[in-house]
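Q: only geometry, no sequence info:
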């Protein structure tokens, strides 16, 4: 069966439109954690220093802004389904992050996935950087977990200040 040129062009355009529609849905599904813009709860982050090292920098000679040590804080963030919490531990030496550990307690199955991705990628984003230079918005596809991390990081910065 031979189709006229206008019919072929219309069919081609419909195929392209359908492909673009499906591509848009796939992108939306892969970033489902970021599809709903909700207001996060008030900050509940609190930092508690632990086992600070005996060789802390002095503010005079090195110009360090933060005390050396390991600091822990909790952060929370709103997902479309629940309010989720993470605990962040950061070790600081000469104002730089030397280690980071993030633990979560996911309430939803999807959150477990995103927190796992975040936890797997956060070290590469922050270790070796100055504490003041860290700004995390998305790690390994997880953007909402970053909000909880940032909340905890702010509390840690406050606690570690000289």
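A: Looks like it came in fine. Just so it is clear, the model here is predicted, and its values are computed rather than measured.

Q: And for residue 148, nearest residue in space, chain neighbours not counted?
A: Nearest residue to residue 148 in three dimensions, chain neighbours excluded: residue 75, at 3.6 Å (CB to CB, 6 or more residues apart in numbering). For every residue, glycine as well, the C-beta is placed using N, CA and C.

Q: partner residues bridging the one you found?
A: residue 86 (DSSP bridges).

Q: And the pLDDT for it?
A: At residue 75, the model reports a pLDDT of 97.

Q: tell me which residues of stretch 84-102 are tucked away?
A: 84-93, 95-97, 100, 102 (16 or more other CB atoms under 10 Å).

Q: now, among these, which is nearest to residue 145?
A: Residue 145 lies nearest to residue 86 out of these, by CB to CB, at 6.5 Å.

Q: Does the residue nearest to residue 148 touch residue 147 like I think?
A: Yes: if you go by CB atoms under 8 Å, residue 75 and residue 147 touch, sitting 7.5 Å apart.

Q: who's more crowded, the two?
A: residue 75 (27 against 20; other CB atoms under 10 Å).

Q: How much space separates that one from residue 117?
A: The gap separating residue 75 from residue 117 is 17 Å, by CB to CB, to the nearest Å.

Q: Alright, calling it a day.
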